[in-house]
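# Attaching a predicted model along with its sequence, questions to come.
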There are 2 protein chains.
Amino acid sequence: MSAISERRERERAHRHQLIITAARELAEAEGWEAVTTRRLAERVEYSQPVLYSHFHGKDAIVSAVALDGFSELAAHLRRARQAAPELGQSLRAVCRAYLEFATERPALYQAMFILPTDLKFASTETPPPLRASFDEFVSCFRPDNERRELFAEVLWSALHGIAVLSESGRIPLQGQEERLDFLITRIAGTSSPAPGHAS
Amino acid sequence: MSAISERRERERAHRHQLIITAARELAEAEGWEAVTTRRLAERVEYSQPVLYSHFHGKDAIVSAVALDGFSELAAHLRRARQAAPELGQSLRAVCRAYLEFATERPALYQAMFILPTDLKFASTETPPPLRASFDEFVSCFRPDNERRELFAEVLWSALHGIAVLSESGRIPLQGQEERLDFLITRIAGTSSPAPGHAS
DNA sequence: GGCCGAATCTAGCGTCGCTAGAAACTATAG
DNA sequence: CTATAGTTTCTAGCGACGCTAGATTCGGCC
């Protein structure tokens, strides 16, 4: 009873992951609009209803893919940050890595940041990978900077804006490097406490 | 033959606008997922196929709503900019107006910036309202600033990122004012011609 | 009044996410 | 080794989607 159900549990977990990776591969190959429950079921060689024994619905599958994406993003950013020698460099490295991630895995990025998902952001029940990704931005600023969380939020927002607007063709792909350059020099600029209102 | 077809043309144009406003109202009331061709047809009191005699498909209807939205956005930003006394103030006023627009008309904003549309951005065939909206950002910087277009792109991207991430709950709604404040002081910072690449 | 072209509708195609109930499979008891 | 009870999986189908072909109705013109 024990060993058998354990094996079943293992097989079930394996199939669970199989669904997630199949959804991701299909999305990366043909876009999320091609990821239908029917095609996904065919791909994992089961019938449609088994998907619903693993996930509440399609959104939950997208969420699962997104969650995997956040783990990868956190690792990707961390690698970039740690490869940079000092603090000033790390900001640039992390930003570049972020945009790189967004452009090279557009479907994954979409699942993480654009499509509706069940993931809870910025709360106590935020999954660790999300928090870890965000913390990579926070770590780009000096620990004695009291407003580093705020800085990170704005930086992340700006990068997300650049990523998503250029991906959808709303700003030209060309000139991405200059935009990044400008953003970094401005954000990294004269930081420290606060220069008061410049108005 | 002339007067009759003219009247018809008028009626047709009226119905065209009726569809657009119906789509918009429905989207603003219940979200875009509630805007189906069936419900839209019912709302304008015609059958489904008439929608397709006016628009190529649903995306084209969304695009039409978005285009109207850009006209409103341009006017909204212009009003804000012109109400501000000087250049330093206008940047803040326009940014605030932008975020206000995004939060108060979320469905419209979604049509303009998130949903797939047929609109061409940043090209020769870009509709004037789009260009006009963008130019409001450009006008916030001094005319002798050679990189003002770049500045505007980054500023717009950052605002869009803030708008969309807070709308979808990916950053907390609280603290929006501080984020805006930080962004403006950084972007407006030491501008002028160009300090060259700061590495 | 009868015709003809344009405008409009009815009805339906294929696909979607999702699910109820049938079928098949598996582990245990006799 | 078979019968049974319970679980797993599948077949089949529901209602809704975007979209369209073909029938129908409408309005101006001889």
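Now that the structure is in, tell me what you want to look at. Numbering: from 1, shown residues only, chains lettered A, B, ... in the order given.
# how does chain A divide into domains?
The record's domain parsing of chain A by automatic domain parsing lists A:1-55, A:58-194.
# quick one, which of those domains is packed in tightest?
Between the domains of chain A, domain A:58-194 has the highest mean count of neighbours, a mean of 18, where neighbours are mean count of other C-beta atoms under 10 Å in any protein chain shown. Just so you know, the C-beta spots here come from the backbone N, C-alpha and C atoms, and that holds for glycine as well.
# How about it and DNA strand D, any contact?
No. Applying C-beta under 7 Å from any atom of the strand, one finds domain A:58-194 separated from DNA strand D by no less than 12.2 Å.
# near chain B, which residues of chain A show up?
A:113-114, A:116, A:120-122, A:147, A:150-151, A:153-154, A:156-162, A:164-165, A:168-172, A:175, A:178-179, A:181-183, A:185-187, A:189-190, A:195, A:197-199 (C-beta under 8 Å from any C-beta of the partner chain).
# can you put the domains of chain A in a markdown table and add mean pLDDT and distance to B:His76?
Below are these laid out as a markdown table (pLDDT from 0 to 100; distance: least, C-beta to C-beta, whole Å):
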| stretch | mean pLDDT | distance to B:His76 |
| --- | --- | --- |
| domain A:1-55 | 91 | 32 |
| domain A:58-194 | 92 | 18 |
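# Can you add distance to DNA strand C and give those domains back as JSON lines?
Shown next, in JSON lines, are the domains of chain A (distance: least, C-beta to the nearest atom of the strand, whole Å):
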{"stretch": "domain A:1-55", "distance to DNA strand C": "3"}
{"stretch": "domain A:58-194", "distance to DNA strand C": "4"}
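# Adding distance to B:Phe101 as columns, could you present the ones you listed in CSV?
Putting the domains of chain A into CSV (distance: least, C-beta to C-beta, whole Å) gives the following:
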stretch, distance to B:Phe101
domain A:1-55, 28
domain A:58-194, 15
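# so which of the ones you listed gets nearest B:Leu77?
Across those, B:Leu77 has its closest neighbour in domain A:58-194 (16.3 Å, C-beta to C-beta).
# Contact partners for the residue nearest to A:Leu173 when sequence neighbours are not counted?
Setting aside the residues directly before and after it, A:Leu173 is nearest to A:Ser166 in space (C-beta to C-beta, 6 or more residues apart in numbering or on different chains), at 5.5 Å. Shown in contact with A:Ser166 (C-beta atoms under 8 Å, 6 or more residues apart in numbering or on different chains): A:103, A:172-173, A:176.
# Check chain A and tell me which residue is nearest its centre.
A:Phe70 (4.1 Å; C-alpha atoms, centre = their mean).
# That residue in helix, strand or coil?
helix (DSSP: H, G, I helix; E, B strand; the rest coil).
# Surely it touches A:Asp135?
No. Applying C-beta atoms under 8 Å, one finds A:Phe70 not in contact with A:Asp135, separated by 11.5 Å.
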